[in-house]
Structure formats: C-alpha cells, structure tokens
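Trainee: following is a predicted model, sequence given first.
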Amino acid sequence: MRSRVGEGVGVRGCAGHGVGVLMGTSSGSAVARQSARPSMRVAVVVVFVTTASVLAGDVSIRAGRAGTIVSVRRTTTDAEQVSTVAGGVDYPFPRPHLAGFSPLLAVTTSNTRRNPLDDDPYSHDLQYSYVGSPLHAPANLNIVIGFLDSGAAVDLFAGSAAVMLGVTGSRLTENTMELGGVGGSFQAPVSYPIGVFAQGLGSLDIGGLLKLNEVVGHTNVSVVASPPIECGNGEAVAALIGMPFLTFFNSVIRVDTPRRVTVNGVEYSGPDVKIQDVLDEVPEYPHAFAMEFGSLLPALGAAFMQDLEDVLNVVPGSATSLSLIPGSFVTGGAFFVDVQVLQGVPGPLNPVQTLRMMVDTGAQSSIISGGAAANLSLSLDPDFEIEACGVGGLQTGIPGYYIDYVGINAFGGKLEWSRAPFIVLDLGSPEGGTLDGILGMNFFWDRNVTFEPALLGSSFFQVSDPVPFAYADFDLDLHVDTRDQRVFVACATRPRPGQVSPECEHLDADFDGDVDLMEFARLQDCMSGGISLAGENCGR
C-alpha cells in the first residue's frame, strides 16, 4: 500500500495547494539569480476538478498540493460496480461529486507600503477599498483571475499574471521561496512590499473592468512571483489569494448566484464570491461547523520576515504569511475540522474514525493521507487512479477511493455524506507532520457557504441546505444549454453498468452505472437554452 500512495513534494510544513510553500530556511540552494542568499521554502498546493472541463477527455481538477488532475481512470471492475449498484452497500446520504466549485476572484495591485522608518515596517494593513497607485495602470483593467484559497500560505502570482499585475523587475527582491508540488520543486522570488486587492467576479462590470470601490485587500505585502505553472495546455495557476489575506475577512460563496465573465479574452465562470469586513453581516445558513486554527506557533497577524543579511534596509526575506512576531520567522497556519469517516459496516471492530482535515476553499477535490487510508482498511486496489501535473511534471497512478460514510458535527444538525471520493496523498501539515487530509469543496458543490476564520476565538464554516439545480445543469449556471450538452457527450457510455468514469458519476441519474439514453432523455427534458432558466425539477 505504501508504494501506491501519492507523495507530495516538500512535506515539511506545506500549507497550500497546487504548488507548495514549505516554511523554513533552505541550506543555500542556488537560485536563478545566482544569489548567495538563503531561500525560504514554501509549499502552495492545489486540488482541481471542474465538470465544465470534462470535454472530449479533457480533465482539469485543482487538487491543492496534488497539483492539477489531468486524467481520471476507473479501476473497479464491471462486476464490482454492479454489486454496489445492486445494493451491496447502503448509501442513504447525498453523494459528493469528485469536483466541487472554484471560488474565483478578480485581483489587482498597488504600490502601497509602510514607511520603512515605522516602528513596525513588516506587518500588513487591511484595506476596504483600493488605495495607492497601480503597479500596472490602469488598475481596473490590468487584472487577473485567481483563486480564493484557504490552503495557500502566501499570496502568489504566476507567470503572465505577475507581469499583468506589475510584480516584475525592480519590484522583486533577490530572496526566494521554494515552491514544491507533484514531481519536484523550484525557486521563486519574493517581492518588495506592495498592495494586493481582490473581489468576486460580481465586482466586474459588463466590459470586464474591475470596480475599485468594491475591492478589499491588504497592503505592505510581500508576495511570491513564480514562473509559469503549466500542465501542457497553458498555465494551471495564475494567482492565489491565501491565508495572510483571507484570515482577516469573511468570505461568502454562493452557488445559487453563478457568475460568468470575460477578462482579457478568456471566459471564466463560478459561484458568486463576496469578501467582506468581519463586522459586516453575513448570510445565516442552517448549518455551521467549527474550525480550529493550527500552526507550529500561534499567529496574531500577518507580516513578512526581514532579510537577516540586509538589516539596514527593510527587505523581505520571505513572503508575507501569518506570524507571531512581525519581522521574525513566519509561522503560516490553516484552519482544521474534525471529520468522521467509516468504510463498511460500523461495529466494535470497525468504529467510526475521526480525521483532522484542513479546510481548503481552493481545493475542488478532497484528499486523505496514506496512513488514514490504511487505518480504514481500504483495499490495495483503488477504485480509481489519477494523473496529476505539478511543478516537476506528471505523476501517474495516484490512487483514489470512495469512502462509504463521511460526517461533520455542526450547529443545526450533523452534515453527512455517502460514497465520498478521496485522493490518497501524503502532504505536509502546517502543524508539522503529515495532514490527515484536505476537505475540499466537492462536499459543498450544491451549497452556499461562508468561511469565517479567526486567529483568536471561534471560527465557523456555514453551510446552506442543498441548492436545487436541474439534473442536466452540469456547469451549475442555472441554464441547460450547449455547454451542458458537450459535457454529456463527453461522459456518455454504453447502456451497461461499470462504464462511468469518476468525474462523470454525477451524470448517472438512476445510479445504474452508466450514462445512457435514460439520462439523455432527462437532458432533453431540461433543455432551456442560454437565456431561460432551467426548471429545478425537470427530468426527475
């Protein structure tokens, strides 16, 4: 079993996704600038799967530190799937998709920083509208679309996104952080202090311009400016807005209000996102589970670490991260929840187990560690396998399993799911050691949620009741149109059990193991076109 577990790179304190940010100091590794300065290690990891991208075999799933999932292959036999469908296992609760939503943000920058002569020139400052002068004017036009990512230890701009936002050239220090992910790692420079601002896709006007009076952000921030992070068909990551930003705001994500925008000639779609002041009222949903902040050391704010080789000047030696003492070593950190899991029939010899999982809004899919998989007595033969593309190339044969039962205690009643898909990977925890797992957004694909973090006191993740979507609204935009038809064609199978690939399982409306003429009839019944809304009860 151990040899089959996927292994993330840089497992010493990784706290992100897609790429990884390893907190600590490297031992004088060479960097592109041939600088003799020590680099910081950072792990920013990403877990993705988007239903709309399941076209003609094209899969693109953000899997946090697992990189980008580019291929999914079912490994169970037809007979095994027929046994499950026939009632070999009881699945009384909702079944999560392999991939959930990606909360997308419009991001821009400014030159705002603290005076280097201030008593504390290292800490960030929260902002509730745009301030300063653009690094790349105009600030409302030169924007990028990034991810709201509670699994990322830093704010990161990659490749052309860093260029678009003006985080290049003289804006970069000679200090670096090590980005680790699937297959390897590389060094990326950290910036001098700047301002970073973001808001959901609803803050863009019809022409794709960002409404600067609606953004929030933080200034005096050092970010990571990485080379392009690619998976063969373009950059997989443009920008990550991570914990040093998100910890100090509340984030409301509404799948019942989908957004579709075009920026720089590229179309983006996702749920409505609103990042707002913690003092502003947020929607109240019927369920709320508690989150607990965890890191190697307590954190009271966010700051960058001073370059210890240049103490006469204020030069970041690391990107801004959660920290205890401004200017000293950054600690990072993340928010965790206790998740109950069970495989098989519960009993004295097979009790429900509790995993401490990181809540990751930037992960579309969920992960458990190899140790957790072993403790659940999972088979040596996985239910499916994935290929993941990371900073070091392609890693194949990463196992995935369906877990019979998953539950989370919450205000308003326990949240429970059946047959939940998990990828098996060992990833470093911001608390040290190995993460039990990552709770991704696939569990909340049809729920509105709010992420309400706090470094001191109680933190909560609010969850709505399920939002009703039409059967064939596969991209969750409230319409059933040609986009959904293309998804259906890519997922259609022969009328025989055992044909459905994991990323297409939610199209199997009658749970008979195939996507055939019965599902096609439901698609036809639900067709609404791109203007009219699809009836939520159609095709049922």
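Mentor: Perfect, I can see it now. Being a predicted model, the structure only gives us computed values, none of them experimental.
Trainee: skipping its backbone neighbours, what lies nearest the residue nearest the centre of the chain in space?
Mentor: Among the residues of the chain, the one closest to the centroid is residue 362, at 1.4 Å (C-alpha atoms, centre = their mean). In this structure, residue 362 finds its nearest non-sequential neighbour in residue 149, 3.0 Å apart by C-beta to C-beta, 6 or more residues apart in numbering. (Glycine included, C-beta is placed from N, CA and C.)
Trainee: the one you found: neighbour count?
Mentor: Neighbourhood size, residue 149 [other C-beta atoms under 10 Å]: 33.
Trainee: before we move on, back to that, isn't the residue nearest to the centre of the chain right next to residue 147, touching?
Mentor: Yes - with contact defined as C-beta atoms under 8 Å, residue 362 reaches residue 147; the gap is 4.8 Å.
Trainee: run through the helices of the stretch 51-200 of the chain in chain order.
Mentor: Shown for the stretch 51-200 of the chain, the helices assigned by DSSP state H, counting those that start in this stretch span residues 78-83, 160-164.
Trainee: ranked by average pLDDT, which of these falls at the bottom?
Mentor: For those, the bottom mean pLDDT is recorded on helix 78-83, which sits at a mean of 48.
Trainee: reduced to three states, what does residue 377 come out as?
Mentor: coil (DSSP: H, G, I helix; E, B strand; the rest coil).
Trainee: that one and residue 426, how far apart?
Mentor: Residue 377 sits 18 Å away from residue 426, going by C-beta to C-beta, to the nearest Å.
Trainee: residue 199 too?
Mentor: 35 Å.
Trainee: quick check, residue 213 in a strand?
Mentor: No - counting by three-state DSSP, residue 213 is not found in a strand; it is helix.
Trainee: now it: how far from residue 294?
Mentor: 36 Å.
Trainee: show me which of those two is the more surrounded one.
Mentor: Legend: neighbour count by other C-beta under 10 Å for residue 213 and residue 294, higher for residue 294 (18 against 10).
Trainee: I'd say that one and residue 331 touch.
Mentor: No - between residue 294 and residue 331 there is no contact under C-beta under 8 Å: 10.5 Å.
Trainee: hang on, the earlier thing: of residue 199 and residue 426, which one has the most company?
Mentor: residue 199 (24 against 20).
Trainee: who are the contact partners of that one?
Mentor: The contact partners of residue 199, by C-beta atoms under 8 Å, 6 or more residues apart in numbering, come to 105-106, 210-211, 214-216, 273-275.
Trainee: and residue 446, by the same measure?
Mentor: Contacts of residue 446 (C-beta under 8 Å, 6+ apart): 255, 466-467, 469, 476.
Trainee: check which residues of stretch 209-226 are buried.
Mentor: 209-210, 212, 214-226 (16 or more other C-beta atoms under 10 Å).
Trainee: okay, residue 520: pLDDT?
Mentor: pLDDT at residue 520 comes out at 89.
Trainee: actually residue 40, not the one I wrote
Mentor: Reported pLDDT for residue 40: 46.
Trainee: next one: residue 485
Mentor: Looking at residue 485, its pLDDT stands at 91.
Trainee: list the beta-bridge partners for residue 416.
Mentor: Going by DSSP bridges, residue 416 is paired in beta bridges with residue 407.
Trainee: actually residue 356, not the one I wrote
Mentor: residue 338.
Trainee: show me the contacts for it.
Mentor: 294, 336-339, 436.
Trainee: farthest-separated two in these?
Mentor: Pairwise distances across the contacts of residue 356 (C-beta to C-beta) peak at 14.2 Å, for the pair 294 and 339.
Trainee: who's sitting farthest from the centroid in this structure?
Mentor: Largest centre distance within the chain, by C-alpha atoms, centre = their mean: residue 312, 38.3 Å.
Trainee: sec struct for residue 244, please.
Mentor: Using three-state DSSP, the structure places residue 244 in helix.
Trainee: just checking, it touches residue 322?
Mentor: Yes - Residue 244 lies in contact with residue 322 (C-beta under 8 Å); the separation is 6.0 Å.
Trainee: okay, and the common contacts of these two?
Mentor: 153, 302.
Trainee: what ranges of the chain fall below the confidence cut-off?
Mentor: 1-71, 76-90, 180-184, 231-236, 389-394 (pLDDT under 70).
Trainee: can you pull the domain assignment for it?
Mentor: Domain segmentation of the chain under automatic domain parsing yields 1-467, 469-540.
Trainee: out of those domains, which one sits most buried?
Mentor: Most buried of the domains of the chain, by mean neighbour count (mean count of other C-beta atoms under 10 Å): domain 1-467, with a mean of 21.
Trainee: residue contacts, the spatially closest residue to residue 530 that is not a sequence neighbour?
Mentor: Nearest residue to residue 530 in three dimensions, chain neighbours excluded: residue 481, at 4.5 Å (C-beta to C-beta, 6+ apart). Residue 481 sits next to 527-530 when contact means C-beta under 8 Å, 6+ apart.
Trainee: adding distance to residue 260, write those out as a markdown table.
Mentor: Listed next are the contacts of residue 481 as a markdown table, based on distance: C-beta to C-beta, whole Å:
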| residue | distance to residue 260 |
| --- | --- |
| 527 | 18 |
| 528 | 15 |
| 529 | 15 |
| 530 | 10 |
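Trainee: from those, pick the one nearest residue 205.
Mentor: Closest to residue 205, out of all of the contacts of residue 481 and judged by C-beta to C-beta, is residue 530, at 20.3 Å.
Trainee: phi, psi for the closest one please.
Mentor: phi -80, psi 0 (degrees, to the nearest 10).
Trainee: how much space between it and residue 485?
Mentor: With C-beta to C-beta as the criterion, residue 530 and residue 485 are 11 Å apart.
Trainee: and what of residue 211?
Mentor: 34 Å.
Trainee: before we move on, what about residue 436?
Mentor: On the measure of C-beta to C-beta, residue 436 and residue 485 end up 40 Å apart.
Trainee: and for residue 533?
Mentor: From residue 533 to residue 485 the distance is 17 Å (C-beta to C-beta).
Trainee: next: residue 434.
Mentor: Using C-beta to C-beta, residue 434 is found at 43 Å from residue 485.
Trainee: all helices for the stretch 351-500 of the chain, in order.
Mentor: 370-375, 482-491.
Trainee: now those helices as CSV including distance to residue 408?
Mentor: Formatted as CSV, these follow (distance: least, C-beta to C-beta, whole Å):
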stretch, distance to residue 408
helix 370-375, 15
helix 482-491, 29
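Trainee: pretty sure residue 308 contacts residue 317?
Mentor: Yes - here residue 308 lies in contact with residue 317, judged by C-beta under 8 Å, at a distance of 6.2 Å.
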